[in-house]
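Engineer: From the sequence below, what's the structure:
(2 chains)
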Protein chains: 2
Amino acid sequence: MALIVKKFGGSSVATPDKMRAIVQRVLKGSQPDDKIVIVVSAMGKSTDKLIELASQITSKTYGREMDMLLSTGEQVSIALMAMAFQEAGHKSISFTGAQAGITTSDAFNKGRILDIQPDRILKALDEGNIVIVAGFQGITDSGDITTLGRGGSDTTAVAIAGAIHADVCEIYTDVEGIYTSDPRVVPNAQKMKEITYGEMLEMAKLGAGVMQPRAVEMGSRFNIPIHVRSTFSENEGTIIQEAYSMEIKQYLIRGVAEDKNVAKITVLGIPNKPGYAYKLFETLANANVVVDMIVQSVRVANEGVTDITFTISRDELASAKDVLEQIKGMMPVEDILIDDKMAKVSVVGAGMAGHPGIASGMFGVLGKNNINIEIISTSEISITCLISEDQVDTAVRAIHAYFFDEN
Amino acid sequence: MALIVKKFGGSSVATPDKMRAIVQRVLKGSQPDDKIVIVVSAMGKSTDKLIELASQITSKTYGREMDMLLSTGEQVSIALMAMAFQEAGHKSISFTGAQAGITTSDAFNKGRILDIQPDRILKALDEGNIVIVAGFQGITDSGDITTLGRGGSDTTAVAIAGAIHADVCEIYTDVEGIYTSDPRVVPNAQKMKEITYGEMLEMAKLGAGVMQPRAVEMGSRFNIPIHVRSTFSENEGTIIQEAYSMEIKQYLIRGVAEDKNVAKITVLGIPNKPGYAYKLFETLANANVVVDMIVQSVRVANEGVTDITFTISRDELASAKDVLEQIKGMMPVEDILIDDKMAKVSVVGAGMAGHPGIASGMFGVLGKNNINIEIISTSEISITCLISEDQVDTAVRAIHAYFFDEN
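Structural biologist: Numbers count the residues shown, from 1 in each chain, chains lettered A, B, ... in the order given. Okay, the predicted model is just below:
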């Protein structure tokens, strides 16, 4: 007997035919005494259609009523999926986020899961049902419907798996698993059999798009293995878990990630006195601009000023520009330079901590390829270099070849 | 200050433009201190689209999952309506049936409202909101979503009006009010200013389509005036209420109704002994076939047998035929005749009880027009004749002329 949560995204449930295919796959791939919870997203483009409908009425496509609207998308999916299982002769019941006992914060459009009371899910499983749960949604303490924002359905699936102590949470997606690099950039990237939560989180944050960090964090918190695999094939995918199986060798480097959603901002000639850097970043934080890498350079001829360079997501460049205009009125600065053609290349691996030579190896590869490094930042399990966007694909391929082809 | 519930049906909220038109109408037509609850149905044909989607998956388009599916239609409407009021600068909040505190029986697809706890509605009104409530839906004690079946949104509106002690429940529809007969059949039918719950119930049950009996019953129970009026004009419609205003004269006849959804079944030569008629109608009832008029005729030459004629809705003819086949195996009958080209014509009026001559007047009109009466049935406030379908429009026009043009 296995207790399994399976999550299917919007493209996997886009049509009644695709739903039937999922039913067949789930029934064929499970034992009669398995207990199965299926988390689904809204069908295909239905969320986009609801947003379009709202935009015909208001420009304010956020807030409580938007969640009331969008949550119907998943509700349609769960009802149809339960019907599809029943039609195939299997007991099945669907639950909205509220019925599944998912309580969230009252931050509409980006609710955080606070608690799951899985009594109804467990009871329905005991009664022999395949339980279908709406992803991406929950309910506040005061009974308002919320949605969870980006990556919400993955988060729902992993959180439910945690709440019911599932053996595994399977995330079905349009790729075969997690690769050592993006296969569209690095054709010989290898599918990983396993990766740790920490490494996957780092990969996700540094640009690897398959899993949202929130769901990985949730898996780590409840120690639920996450199996990322393809909707369209029977192949084993990648297991994200706490530590590697005994049989697997320790990897120095686990993957090479790139992120093109980067803008670099340089504030020239800011007074080199306590409080100025604080004021700069506090003002950015107050405007909800998230700063990623930061470097402060000291001028050789000490002129009492310094230069500060930092990176942000390009999505937030408009907000950042407003803040920088305010900064000019708040402190003397020589100039502010903006470059929105930057990118990050990163190597990730829990094994690198005890092994010198990873950083120098990476820098050497970049140097050999005439790629200039603008900023370097490191964590316990990653090294990231800021480089020019038009060189990043070359950089990823060269670094991947160095670490994976040579070993 | 007035406390008003307004209900708009699917065609009134079919597009964002139509929703905006409702917003303008509601805001212009109310005082700043009025408290307004708006009950809406699903947009235009959206319920039909959901049913079509379900029918691509299963032939079983009923049960719990169907309500899970269909209830999304109203949820989309309420979210968009609340957005439309907010966009027009007015505070507004939407509630699903569950959030509005509407508890129903657990009869999926045809739930009955058991209770309304209007605390959230009242609180939201006190906070200055126009409150938008999803019609046609509720929730069971165990937290399952139900729909209320035919006429469900009208019932929701009147039930909420009762629960919050509203001054009036306005039902917006595509006609100007309740007419003395169907204006498509009787061009000079008159719009009524008022009608009693009892008369309206009788009219509705006898075929007048504007209001469903359930909503009228609910109005009667809570003594909430129901104002049936047009979505497309500012004219006063018809008020359904307990009794007539003092100024209004007592009407003998209030309206003439027709119903073409009738089939006549005659069981010939059934034994004229106790228990056979009971067995016949019990078997029909067990198959959920609702029998309307019944007449048993005694043969002149007493042959120990009798003939029983009854009518049913044509929708249930298929089920009835199955039952009649069983009947043939259960008792000796000479023959069973089915005529699905029958119709009912009725006169309705609370004043007729104390006034002889209404029945004879009606029969006289039918006789003068060479229309044969097959069955007659009467209630306290109505007389109904079963006649041939191809004569019913003529009958309605002639009876309407007799009672309304002459008076």
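Engineer: how about the helices in chain A?
Structural biologist: With helices called from DSSP state H, chain A shows them at A:16-28, A:46-55, A:64-87, A:119-126, A:152-163, A:197-205, A:213-222, A:276-286, A:317-330, A:358-368, A:392-400.
Engineer: Which positions within the first one qualify as buried?
Structural biologist: When neighbours are counted by 16 or more other CB atoms under 10 Å in any protein chain shown, the buried residues of helix A:16-28 are found to be A:16, A:18, A:19, A:20, A:21, A:22, A:23, A:25, A:26. The C-beta positions use only the backbone N, C-alpha and C, and glycine is treated the same way.
Engineer: Out of these, which are close to chain B?
Structural biologist: A:16, A:19, A:20 (CB under 8 Å from any CB of the partner chain).
Engineer: Tell me the one of those residues nearest chain B?
Structural biologist: residue A:16 (4.1 Å; CB to the nearest CB).
Engineer: The closest one and residue B:63: what is the separation?
Structural biologist: 17 Å (CB to CB, to the nearest Å).
Engineer: Kindly report the same for residue A:189.
Structural biologist: 47 Å.
Engineer: more neighbours, these two?
Structural biologist: Taking neighbours as other CB atoms under 10 Å in any protein chain shown, residue A:189 and residue B:63 compare with residue A:189 leading, 20 against 14.
Engineer: Kindly state the pLDDT recorded for the more buried one?
Structural biologist: What the model reports for residue A:189 is a pLDDT of 93.
Engineer: can I assume it is in contact with residue A:176?
Structural biologist: No - in this structure residue A:189 lies outside contact range of residue A:176 using CB atoms under 8 Å: 10.8 Å.
Engineer: Spell out which residues of the stretch 101-250 of chain A are next to chain B.
Structural biologist: A:120, A:143, A:144, A:145.
Engineer: no no, the stretch 301-407 of chain A
Structural biologist: So the stretch 301-407 of chain A never meets chain B (CB under 8 Å from any CB).
Engineer: how about low-confidence regions in the stretch 301-407 of chain A?
Structural biologist: For the stretch 301-407 of chain A, residues meeting the criterion pLDDT under 70 lie at A:406-407.
Engineer: Over to chain A?
Structural biologist: For chain A (pLDDT under 70), the answer is A:246-250, A:406-407.
Engineer: who's in contact with the one residue in the stretch 251-400 of chain A that gets nearest to chain B?
Structural biologist: Using CB to the nearest CB, residue A:288 is the residue of the stretch 251-400 of chain A that sits closest to chain B, at 23.2 Å. When contacts are counted by CB atoms under 8 Å, 6 or more residues apart in numbering or on different chains, residue A:288 is found next to A:316, A:319.
Engineer: do the same with residue A:345
Structural biologist: A:256, A:257, A:258, A:366, A:384, A:385, A:387, A:392, A:395, A:396, A:399.
Engineer: Could you identify which of these has the most neighbours?
Structural biologist: residue A:256 (31 neighbours).
Engineer: Show me what that one is bridged to.
Structural biologist: residue A:347 (DSSP bridges).
Engineer: tell me the centre residue of chain A?
Structural biologist: Against the mean C-alpha coordinate of chain A, by CA atoms, centre = their mean, the closest residue is residue A:212 at 1.6 Å.
Engineer: How much space separates the nearest residue to that one once chain neighbours are set aside from chain B?
Structural biologist: Spatially, and ignoring its direct neighbours in sequence, residue A:212 is nearest to residue A:151 (2.6 Å; CB to CB, 6 or more residues apart in numbering or on different chains). Going from residue A:151 to chain B by CB to the nearest CB, to the nearest Å gives 23 Å.
Engineer: now swap in residue A:175 and tell me
Structural biologist: Relative to chain B, and taking CB to the nearest CB, residue A:175 is found at 27 Å.
Engineer: and that residue, how many neighbours?
Structural biologist: Residue A:175 has 18 nearby residues by other CB under 10 Å.
Engineer: List the residues that contact it.
Structural biologist: A:183, A:210, A:228, A:230.
Engineer: Quick one: buried ones out of those residues?
Structural biologist: Here, 16+ other CB under 10 Å leaves A:210, A:228 buried among those.
Engineer: which of the contacts of residue A:175 sit farthest apart?
Structural biologist: Pairwise distances across those (CB to CB) peak at 13.9 Å, for the pair A:183 and A:228.
Engineer: contacting residues for residue A:375?
Structural biologist: A:264, A:293, A:295, A:309, A:311, A:385, A:386.
Engineer: Closest one of the residues you listed to residue B:45?
Structural biologist: So of the contacts of residue A:375, ranked by how close each gets to residue B:45 (CB to CB), first place is residue A:311, at 50.2 Å.
Engineer: ok now do that closest one, which residues does it touch?
Structural biologist: Taking CB under 8 Å, 6+ apart as the test, what residue A:311 contacts is A:262, A:263, A:264, A:265, A:291, A:292, A:293, A:342, A:344, A:375, A:386.
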